[in-house]
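Trainee: need a 3D model of the sequence below.
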Amino acid sequence: MRLNLRNCLVVLVALVACCFTPAHAATTLTYASNGPEKSVRGYAEKLFLDEIEAQSKGQIKINAFWSDTLVTGPEILKAVSDGVADLGFINTNFFPKALPYSNAITLNVLGPTRGETLVACFQELFRDVPVLAGEFKRYKQIPVYFFATDANSFVSKKPLDDLSQLRGMKARASSRWKLADFEAMGATPVSVAWSECYMALQTGTVETILTSIESQHRGKLYEVAPYLWVWDKMWLGTPYLITINEKKFNKLSKELQEAVLRAGEIASQKFAKKFNTDVAEEIASMEAAGTKVNYATDKDYEAYLGLPSCKHNAEVWLDEAKKANLKDAEENFNKIAEIVKKYLESEKQ
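Mentor: Just a heads-up that it's a prediction; the model follows:
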């Protein structure tokens, strides 16, 4: 049987293609974040993204979109749910109604503030309190990487060393619960988008902002409000995590699914080991820029915990949970508090 020239060429092309086509073409996953890549938080996110590529041996590639270039922070939960992004950074503070249990964590005013205990605490919470992962499942996604932000701090245009000084001040926080605390202190709570915080301080729209040390540093808020009051024993209680679209995850081979989960565990441990050093470096960097830094005392913590809002906030959450028909709301709320307390106490040993 003779092959004509055309058939010979077809066979030759097929053979060449076989030689140069990889056995397993890489899968590309899109990633959405509202933060910049070149930052302490960006570093924590990249730990996971890079680890996925490493653990999958290059079979998964990440196409990352930083600084709201794909969707904004408050849009990421829906974007991952809809498959607009395969992976997304989730700041649970952005979603108080969609993620009520995740937001209940922060109602524990004090919590662990060291890297290893923070990561272990969030991992146990999402493992042993099923409603936490369950509320992400409702949005068709799976948490696969846990990290955290550091302790609370006030940045202000004038020195602060006593909560009574906040009376009458215009104060901003990202959490509705901290805004309620401001009101209990006699401050004027102001709700301002994160992207507008620098300008708000510069123009006097707000006079102080309560947020993480990392956020103060990343947003360079100290440039317009050069006084930093660090509450290093008061965590934010906000799990920072990366989720993956459930449908996309299920389409991956078992081998690649395991690579993603393994990457999350390894990256969480790497983050935990570097966490405490990062906090110290952030504070040192702000001090080098001229920021005056002081720290809350035991008396300050006692005063904060004595605010009527601390108890009232929990009552409000439970009342809203019951109205929303959240099953076993009080039982789950107490289980969350029990786990947080366990890790807080472990840091005292």
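Trainee: contacts, neighbours, all on C-alpha from now
Mentor: OK.
Trainee: list the contacts for the residue positioned nearest the centre of the chain?
Mentor: For the chain, residue 240 is the residue whose C-alpha lies nearest the centre (Cα atoms, centre = their mean; 2.1 Å). Contacts for residue 240 (Cα atoms under 8 Å, 6 or more residues apart in numbering) come out as 89-92, 146-149.
Trainee: hmm, 6 Å instead?
Mentor: Going by Cα atoms under 6 Å, 6 or more residues apart in numbering, residue 240 touches 91, 147-148.
Trainee: tell me the secondary structure at it.
Mentor: Of the three states, residue 240 takes strand under DSSP: H, G, I helix; E, B strand; the rest coil.
Trainee: give me the nearest residue to it, chain neighbours excluded.
Mentor: Spatial nearest neighbour of residue 240, excluding adjacent residues (Cα to Cα, 6 or more residues apart in numbering): residue 148 at 4.9 Å.
Trainee: that neighbour pairs with what?
Mentor: Assessed by DSSP bridges, residue 148 has beta-bridge partners residue 239.
Trainee: for the contacts of residue 240, pick the one with the most neighbours.
Mentor: The residue in these with the most neighbours, by other Cα atoms under 10 Å, is residue 147 (29 neighbours).
Trainee: coming back round to it: quick one: the residue nearest to the centre of the chain from residue 176, how far?
Mentor: 18 Å (Cα to Cα, to the nearest Å).
Trainee: tell me where the stretch 101-250 of the chain has strands.
Mentor: 141-148, 152-156, 170-173, 188-190, 208-212, 227-231, 239-245 (DSSP state E, counting those that start in this stretch).
Trainee: strands paired with the fifth one, and their directions?
Mentor: Read that as strand 208-212. strand 152-156 (antiparallel), strand 170-173 (parallel).
Trainee: could I get those in TSV, plus columns for distance to residue 134?
Mentor: Formatted as TSV, the strands paired with strand 208-212 follow (distance: least, Cα to Cα, whole Å):
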stretch	distance to residue 134
strand 152-156	28
strand 170-173	27
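Trainee: can you say which of these is nearest to residue 294?
Mentor: Of all these, it is strand 152-156 that lies closest to residue 294, at 9.9 Å by Cα to Cα.
Trainee: report the backbone C-alpha coordinates of that closest one in PDB.
Mentor: Extracted as PDB, the C-alpha positions of strand 152-156 are listed here (Å, rounded to 0.1, in the frame of the first residue of the first chain):
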ATOM      1  CA  ASN A 152      -4.800  45.800  66.500                       C
ATOM      2  CA  SER A 153      -3.400  49.300  66.600                       C
ATOM      3  CA  PHE A 154      -4.600  52.800  66.500                       C
ATOM      4  CA  VAL A 155      -2.900  55.300  64.100                       C
ATOM      5  CA  SER A 156      -3.800  58.900  64.900                       C
END
